[in-house]
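Q: this is the structure alone, sequence omitted:
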C-alpha cells in the first residue's frame, strides 16, 4: 500500500492568490460552458483587489500549477477536461457577431419608445455566447419614474412586430431610474451588472454602475463595459414624437394607465410569483419577470466546482485532517481537476492512500475495491443519501463485514435517493436524525450543546425560527414569514449558500 503524507509527485507549492482567482473565474464560466480569453479572464477576474492584464497573462503563460489544471487552444482557456467546449465557443462567437447588428438595431428602436432612457443588451449575446443566429435578444430597459409599466407595454408592441419578422426581442428587466441600486448583492448579480452592453443611454449606465459600488468587491477589474457599441442618435423627428407621447401620457391620465397596466399584469402573474426561488419583482419601480431564479442554480453549481477544487472558503479554512483513498496510483489523481484538492489535503496535514503501484490508472472496478479501505479506516460509516443500487452501499456492506458501525439518514419513501438509506435502516443500521445520534453511536459524551445557527439578518432569523418549529414547505414558510416574495426567495437562497438550510426536494426545507 502506498501512503503519501505531506508530499506528492506533483508541484508542491500552494496555488498563489492570483492563480486561485484565475481558477475561480474559469470555474464560474464553466457553469455556462464558456471558455474565456485572457482579456475576458482579466476583466471578469473574481478577486478581492484589481490586477493588471500583464499579471494575468503572465500567470496563464508561466504558472506550472495552472498548467496542471487548465487547457488552452485558439486563445481560449478552460478547465482541464473541457477543451471540447472551445469549438462550441468559437461557433457561438461567430453566430453572435452575425446577430449583433440586429441586436443593436432593435436596441435603437427600443430607445425610441416613450419614457425609455437607457437600453442595454443582456444575456448570452452580451457575452458573445449566443447559441444560434436566431437566439433571443435580451434587454434591460431603464425608464423615467412612475412609467415602468407603460414603457414595458410599448416594448411588448415592438416585441410583437419584431416576432412577425422572425426576431425574438425579450425586454426581461425594466426598472425606473430611481431604482438603479440592486438589492441582492452576490456574485451572480455582480456578473449581471458588469456583463451588460449599453446600447443607448450611456449616462444612465454610468449612474447604474455608480449606484452599485459593491460589485467591485467581486469583480474589481470590470469597471467599464467589456464590449462597447456606438450609441445611436435619435433624429429630431423621433425625439419630437417620443416627447409628444410622453406629454400625452403624462399627468393623471398616464398615472391611471400605469396603475391599470400594473394591476392587470399582477393578476396575470400572481401564481407565478409564488414559484420557489422566483427572482421576479413586479412593483412600481421594477418589472423583472424572472420566475425561475437562475442565480440560485448558478451559485449552487459554482459552489460545487469550488468544493471539487478545494477553493471553497470552508475547505480552505478547515483545520481537520483528511485522508483520501484513491482508485489509482498516487501519481494518477483522478479526475485531473482534483489535483489542487489533493495538494491541499497534503498541505493541511492529511494523506493520500492507494494500494496500487505507480502508474496504475483509475479502472472501473478499483472504485468499489478502494471502498473497503475507506470503511476499514473509519470508526463508523454514515450514509446520508443512496439510491437502491448506489455504489455507496458497497462501502456500507464492507463496513458491516469489518464490524464497523453503519448509520443512515432516513428519507422520504418516494425519493429515489432515500431507498438505499431506508433499506439500510430496515437491515439494522442506526437511524440518524440529528448529530446527537452520531455521538451516541460512537459513545462520545457531549459536554456542550452545539451552538445554534446564527442568522445574518432579521429575515434569516424569521425563517430559521419557522424551520426550527417544523415548518418546511416553502409556500407555508413565505405565508407565515409575511416576507415579500422576492425578499423571501433571496433570504432562502442565502440560507442555502451559507449552509444554514438545505432543500429536501418538492419545495421542502430544513435547517442543516
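A: Good, I have the coordinates. Since we're looking at a predicted model, the values are computed, not measured.
Q: quick one: contacts of stretch 32-49?
A: 17-18, 21-22, 24-26, 28-29, 51-53, 56-57, 60, 75-78, 82, 85-86, 88-89, 127, 129, 187, 191, 194-195, 217-222, 226, 298 (CB atoms under 8 Å, 6 or more residues apart in numbering). Backbone N, C-alpha and C define where each C-beta goes, glycine included.
Q: with stretch 387-404 instead?
A: Counting by CB under 8 Å, 6+ apart, residues outside stretch 387-404 touching it are 367-368, 371-372, 374-376, 378-381, 383, 385-386, 405-406, 408, 416-417, 419-420, 423-424, 429.
Q: now with 10 Å, please.
A: The set of residues that contact stretch 387-404 without belonging to it, under CB atoms under 10 Å, 6 or more residues apart in numbering, is 367-386, 405-408, 415-424, 427-429.
Q: make a ChimeraX selection of the buried ones in these.
A: In ChimeraX syntax, the buried subset of the contacts of stretch 387-404 is picked out as below (16 or more other CB atoms under 10 Å):
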select :370,371,372,373,374,375,378,381,382,383,385,386,405,406,407,408,418,419,420,421,422,424,429
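Q: just the ones of the contacts of stretch 387-404 in helices?
A: If you go by DSSP state H, these have 367-369, 371-377, 419-424 in helices.
Q: and those residues, which is closest to residue 112?
A: Within those, the smallest distance to residue 112 is 59.2 Å, found for residue 419 (CB to CB).
Q: hmm, the closest one is touching residue 386, no?
A: Yes. Residue 419 sits in contact with residue 386 when judged by CB atoms under 10 Å, with a separation of 7.6 Å.
Q: shared neighbours of those two, which are they?
A: residue 411.
Q: give me the low-pLDDT residue ranges for the protein?
A: Along the chain, the parts satisfying pLDDT under 70 run over 1-15, 270-279, 290-293, 312-320, 335-338, 340, 446-452, 505-507.
Q: mind doing that once more with 50?
A: 6-15, 314-318, 449-450 (pLDDT under 50).
Q: could you identify the longest helix within it?
A: In the chain, with assignment by DSSP H, the single longest helix is helix 84-111.
Q: could you point out the helix or strand that follows the helix or strand harbouring residue 463?
A: When secondary structure is defined using DSSP states H and E, the element that contains residue 463 is helix 458-468. Helices and strands here follow DSSP H and E; after helix 458-468, the next one along the chain is helix 474-481.
Q: distance check, residue 483 against residue 472.
A: Taking CB to CB, to the nearest Å as the measure, residue 483 falls 16 Å from residue 472.
Q: no no, residue 83
A: Counting by CB to CB, the separation of residue 83 from residue 472 is 43 Å.
Q: residue 399 too?
A: Distance, residue 399 to residue 472, by CB to CB: 31 Å.
Q: and these two? which has more neighbours close in?
A: Set side by side, residue 399 and residue 472 show more neighbours around residue 399, with 25 against 18, by other CB atoms under 10 Å.
Q: name the SS class of that one, please.
A: helix (DSSP: H, G, I helix; E, B strand; the rest coil).
Q: which phi and psi does the closest residue in space to residue 102 that isn't next to it in sequence have?
A: The shortest distance from residue 102 to any residue other than its chain neighbours is 6.5 Å, reached at residue 167 (CB to CB, 6 or more residues apart in numbering). According to degrees, to the nearest 10, the main-chain angles of residue 167 amount to phi -110, psi 130.
Q: quick one: residue 167 and residue 159 touch, right?
A: Yes. Under the criterion of CB under 10 Å, residue 167 lies in contact with residue 159, with a separation of 9.1 Å.
Q: which neighbours do those two share?
A: When contacts are counted by CB under 10 Å, 6+ apart, residue 167 and residue 159 are jointly contacted by 106, 137.
Q: picking that back up, ok, and what's touching the helix holding residue 463?
A: Under the contact criterion CB under 10 Å, 6+ apart, helix 458-468 has outside partners 452-455, 457, 471-472, 476-484, 487-488, 490-492, 494-495, 498, 500-502, 509-512.
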